[in-house]
Structures are given as structure tokens and as C-alpha cells.
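Chemist: below is the sequence, then the predicted model.
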Amino acid sequence: MLLPQRYPLFDDLGFPEGVRSARERWVEAARRERTKARWSSLTASVGLTLILAFFGIVPWLIQRVAAPAQLKQQLASHMPMGNAHLGAEYYNIGLAIADGRGFSDPFVVQSGPTAWMPPLLVWIQAGLIRLFEGDRYWVMLVVVALKTLLLTVCGAAIVRHGWRRSNGWIAFGVVAAFLFSEFYACFGFTHDGWLILAGVTATLFGLTRMDAIVDADQLTLGKTIAWGALGGVIALASPVAGFTWAVGTSLCLWRRMPLSLVVAGVISIVVVTPWAIRNKVVLGRFVPIKSNVFFEFDQSLALDSDGLLDWRTMSNHPYHAGPEQDAYVKMGEIAYLKTKQERFLSQMKSQRGEFWLKIRNRLIATTLFPLGFSEFSQPSLMLPFRWLLYPLPALAVIGLLILGHPLSSLQRWAVVIYIAYLIPYVFCSYYPRYGFPLFAVKILLCYWLLERAIVLVRHTQARFA
């Protein structure tokens, strides 16, 4: 007869029941508490994002009910701001497609075929315009919903990553801080940032997964083709995001699986090629993704005094009625952009010192200090948090690189993507909207920085205890 049957306080081996089961009960209780905390933080992250998104759209909901005529007039204006902005040129080209004029007319006036903007967001919004029969209000609601869904998934993924490192509430705190400090960018304004954010974040987590697949020698031809197709789609959303994908993919595969790198690169080019062919046929010039790169160079060197785009510089944009728009319509897009290219190249040769000075300004402004940006000087309750958080991702990158600790795959790719994404903007042009697609990357970098600081504080306290 077993001991527990005769003596209930003993287990099968004859040990007192409490001695062996106490640890098991403690481990089980700790596991339950951890699971409860993990789900609580995930729920809090999702709930916070949805609540903030609701507050971002509620003025439009109220206006829809209280002043529909005023709202209709506002949505019909040349450039509605806030959540109805929808990328301005993107939306105008989408309207042209929906009206049967093709990919054209980025600046309200009818000016002919264009490649001023990348095509992916235009196609998405053109489909929504047709679906809702040109009602900008419903197009706005769908875009806001997609953006909110993306931010919700990003926040939940970061909190989940935090719990894998036993610091889930710290991760939630960083997510909440960024959502509050960047409320307008996240919930009060629609442009192309949400779609590029999707591409950059997919690149980050995709490269992390690719690392594991390559290490396990499980990278099949099908997976390589799918990864290359994703790269092509990302490039059609943003050339800079496509460049970031290309840099990350090259670093991931060129030593370990060079043939797979070639296949992925070819597939990404195949995805982009039909758009490039269309541009060559319609515009008479080879344009891989978008045509206005020299316009942005010219803006930052010839028009802006410090190389950082602001509203004074943007007032000379052909979107606004005036001499620039008249010149664009009269000359056509390619001829107009050629004048900008010539002026940029001429000034770069004659003013090399100023060119490199403005690059220095953009390097500082993209990483450490928002020089020259009026968006960071307007009175706001969030302003102190924005100033505080702004340099932390760059400091985290420096810390991860110089501390000497082995980096995880996710940390390594976050650093690569942060640097690769910002390099084109440092050399070309920059203002805060361009930095939004790094939203998830910046949160992760700040989380790792804070996590490391807490560990150092605890070690210091233990040393002197």
C-alpha cells in the first residue's frame, strides 16, 4: 500500500507532502501571475491605442453630425488637414484614377501624367474612392482604421517582446509614452507614414525571422520568392523603405546564401518593373519609383537656409497656386524637374561647404536634436515628452554598438534599419513626418536603453548594499 493512502501528508516516495509541493505551488502561482500581467499589459496596450485613436477621430464624427455642410465644404478644399489630409498628392492622383484620367494631376489642377508619388498608396486610396463613390469622409475613416490597426499590432508585438525578456510593463510604458508624445502623428494626421511604417516594421521582424530560417538551413525557393516580392511591394510604397529592405536583405544573405540574395533581388525588381516601364512609356524617362528626388534635393539646398524643410520652404511647393505651380503645368513634370536638377547640381558644385553643412544639420536633426522644425516649438502639453524622447533612439543605437554585449537578432536588425532608413534623408531632405515610419523601431530601441539602465542601477545598488 502506498504511503499517501495510509498517511495523507506523505507523497509516493515517503517525503512530507509540503516539502516537495511548496516549490511547485510557488512556481505555478508565479506562472499564473506572469500570465495575468502579460495579458493585462497587452490589453492595456490595445485599449490605449484604440482610445487615443477614437479621440483623434471624434472631432470629425461630431462635425459629421453637427455641421455636415461645413464638413462637406472642408473636405472639398484643396488640402484638408488632419485626418482628412490623406497625403494630398496621393489623394489627388487617386481621384484622377477614379475619374478615369489615369495616374495624373497631383496638384489639384489638371497637369497630365505623373510619377511624383510612389504608386502603392495611390492605388489603395483610388480603390477606396471608387468603393465609396468619392466620399472623402469614408475614405478617411478606413485609412484611420487601417493606421490604428497597424499601431495596435505594433504596440502589442513590442509588449509581447518585453514579456519574453521579463520586462513587459517597461515595454508597455515606453509604448504609452510614444503614443502620447506623438499623438498628432499617430492619431491626428494621415499621410503615407502608416503604409511605410508597415513596410519598415515588416522588414524588421521579417529579417529577424530570416536569420532563424537561414541558421536552420530552411530557406526554400518559395520563401525566397515571397521575401523578394515583399521587397518589391515595399519599394512601391516608398523608395527609402525599399532601400532599407535591400540593405537588410544584403547583410542577411550575401555571405551565407548569396544565390538566395540574387533570387530575392531579381524578384523585387520584377515586381517594380511594370511601374518603371509605364513611367518610361508615359513620361519618356526612366523613373524606377518616383520622379521628384531632385526636386527634394533642390528644396533642401537651394531654397532652405539650414537644409531642414519647414513651412516657409514648403510654401514654394507646386502644390500651392503660384509661379511654381504655373511652371509645372506649363513645362510638364519631367521638364520642370530637369530645371530643379540643373539648379541643384550647379549649386552643389559652387557651394560644397554649404552642402555639407546642411547634411550635418540633417544628421543632427534626424537623430539628436530637432533643429529648425516649427512642429517641435509649438506650445503643447506633449512638447516636453517629445523633446525628451527625441534623442533616445539614437543614444540607444550608440549604446548597443559600443557596450560590447552580444546583440540579439532583433536588436541587430533594429540598429541596421534605423541607420539605413535615415541615411537617404540625411543626404536629401528631412522633416519630422519622414521619421514616423521608424515608430516601432524607435520604441524598441528606447525600451532596450531603459532596460539596460535599470539593470545597471540594480547592479550598482547590489554592489553597495
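Modeler: Sure thing, it's come through. Numbering: from 1, shown residues only.

Chemist: please tell me how far residue 184 sits from residue 236.
Modeler: Here the criterion is Cβ to Cβ, to the nearest Å. By it, residue 184 lies 27 Å from residue 236. The way it works is simple: take the backbone N, C-alpha and C, and place the C-beta from them, glycine included.

Chemist: now do residue 47
Modeler: On the measure of Cβ to Cβ, residue 47 and residue 236 end up 34 Å apart.

Chemist: tell me which of the two has more neighbours.
Modeler: Set residue 47 next to residue 236 and count neighbours by other Cβ atoms under 10 Å: residue 236 wins out with 25 against 11.

Chemist: could you list the buried residues of the helix or strand hosting that one?
Modeler: According to DSSP states H and E, residue 236 maps onto helix 221-237. Residues 224, 225, 227, 228, 230, 231, 232, 233, 234, 235, 236, 237 are the ones in helix 221-237 that count as buried (16 or more other Cβ atoms under 10 Å).

Chemist: now, among these, which is nearest to residue 37?
Modeler: Of all those, residue 37 sits closest to residue 230, with 34.2 Å by Cβ to Cβ.

Chemist: quick one, what contacts that closest one?
Modeler: Residues in contact with residue 230 (Cβ atoms under 8 Å, 6 or more residues apart in numbering) are 202, 206, 245.

Chemist: would you check that the last one makes contact with residue 232?
Modeler: To tie it back to what came earlier, the one meant is residue 245. No - the criterion here is Cβ atoms under 8 Å, and residue 245 misses it with residue 232 at 9.0 Å.

Chemist: out of the contacts of residue 230, which comes closest to residue 252?
Modeler: Among the contacts of residue 230, residue 206 lies closest to residue 252 (Cβ to Cβ), at 9.5 Å.

Chemist: buried ones in the helix or strand where that closest one lies?
Modeler: Using DSSP H and E, the element containing residue 206 is helix 193-215. Buried residues in helix 193-215, counting neighbours by 16+ other Cβ under 10 Å, are found at 193-204, 206-208, 210-211, 213.

Chemist: which parts of the host helix or strand of residue 334 are buried?
Modeler: Per DSSP H and E: residue 334 is located in helix 333-350. For helix 333-350, the neighbour count (16+ other Cβ under 10 Å) marks 333, 334, 336, 337, 340, 343, 344, 347, 348 as buried.

Chemist: and the angle from the helix or strand hosting residue 273 to helix 333-350?
Modeler: According to DSSP H and E, residue 273 maps onto helix 258-283. Angle of helix 258-283 versus helix 333-350, following axes from the mean of the first three to the mean of the last three Cα atoms, to 10 degrees, is 120 degrees.

Chemist: ok, for residue 419, nearest residue in space, not its chain neighbours?
Modeler: Leaving aside its chain neighbours, residue 419 sits nearest to residue 397 (7.1 Å; criterion: Cβ to Cβ, 6 or more residues apart in numbering).

Chemist: go ahead and confirm that neighbour touches residue 418.
Modeler: Yes - counting by Cβ under 8 Å, residue 397 touches residue 418, with 5.7 Å between them.

Chemist: between the two, what contacts are shared?
Modeler: Common neighbours of residue 397 and residue 418 (criterion: Cβ under 8 Å, 6+ apart): residue 445.

Chemist: between the two, which one's more packed in?
Modeler: A side-by-side neighbour count of residue 397 and residue 418, using other Cβ under 10 Å, places residue 418 first with 25 against 22.

Chemist: tell me where the model's unsure across this protein.
Modeler: Low-confidence segments of the chain (pLDDT under 70): 1-27, 29-30, 371-381, 404, 465.

Chemist: tell me what the longest helix along it is packed against?
Modeler: Assignment by DSSP state H gives helix 17-66 as the longest helix of the chain. When contacts are defined as 3 or more Cβ pairs under 8 Å, 6 or more residues apart in numbering; DSSP states H and E, helix 17-66 sits against helix 68-75, helix 136-164, helix 168-181.

Chemist: quick check: which of these is buried the most?
Modeler: Ranked by mean neighbour count, the helices and strands packed on helix 17-66 are led by helix 168-181 with a mean of 21 (mean count of other Cβ atoms under 10 Å).

Chemist: next SSE downstream of that one?
Modeler: For helix 168-181, the following helix or strand on the C-terminal side (DSSP H and E) is helix 183.

Chemist: what does that following helix rub up against?
Modeler: 52, 56, 382.

Chemist: what residues are up against the last one?
Modeler: By that I understand residue 382. 180, 181, 182, 183.

Chemist: separation between it and residue 223?
Modeler: 42 Å.

Chemist: list the buried ones in stretch 100-108?
Modeler: Here stretch 100-108 shows 103, 104, 105, 106, 107, 108 as buried, counting by 16+ other Cβ under 10 Å.

Chemist: among the buried residues of helix 221-237, which two are most distant?
Modeler: The widest separation within these, taken as Cβ to Cβ, falls between 224 and 237 and amounts to 20.9 Å.

Chemist: now tabulate the buried residues of helix 221-237 in TSV and tack on distance to residue 259.
Modeler: Output for these, formatted as TSV (distance: Cβ to Cβ, whole Å):
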residue	distance to residue 259
224	9
225	13
227	13
228	12
230	18
231	16
232	19
233	22
234	22
235	21
236	25
237	27
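
Chemist: tell me the one of those nearest residue 70?
Modeler: So of these, ranked by how close each gets to residue 70 (Cβ to Cβ), first place is residue 237, at 33.6 Å.

Chemist: what touches both of residue 245 and residue 232?
Modeler: residue 268.

Chemist: which parts of the stretch 301-450 of the chain are helices?
Modeler: Using DSSP state H, counting those that start in this stretch, the helices of the stretch 301-450 of the chain run over residues 311-314, 323-331, 333-350, 352-367, 383-389, 392-402, 409-427, 439-464.

Chemist: of all those helices, which one is nearest residue 123?
Modeler: Between those, helix 333-350 lies closest to residue 123; by Cβ to Cβ that is 19.0 Å.

Chemist: the closest one - contacts with which helices or strands?
Modeler: In this structure, helix 333-350 makes packing contacts with helix 293-298, helix 323-331, judged by 3+ Cβ pairs under 8 Å, 6+ apart.

Chemist: angle of that helix against helix 352-367?
Modeler: Using the same axes, to 10 degrees: helix 333-350 against helix 352-367 is 110 degrees.

Chemist: for helix 333-350, what is the distance to the chain centroid?
Modeler: How far helix 333-350 lies from its chain's middle: 30 Å, per Cα atoms, centre = their mean, to the nearest Å.

Chemist: does residue 163 touch residue 171 like I think?
Modeler: Yes - Residue 163 sits in contact with residue 171 when judged by Cβ under 8 Å, with a separation of 7.5 Å.

Chemist: need the residues touching each of the two.
Modeler: Between them, residue 163 and residue 171 share the contacting residues residue 41, judged by Cβ under 8 Å, 6+ apart.
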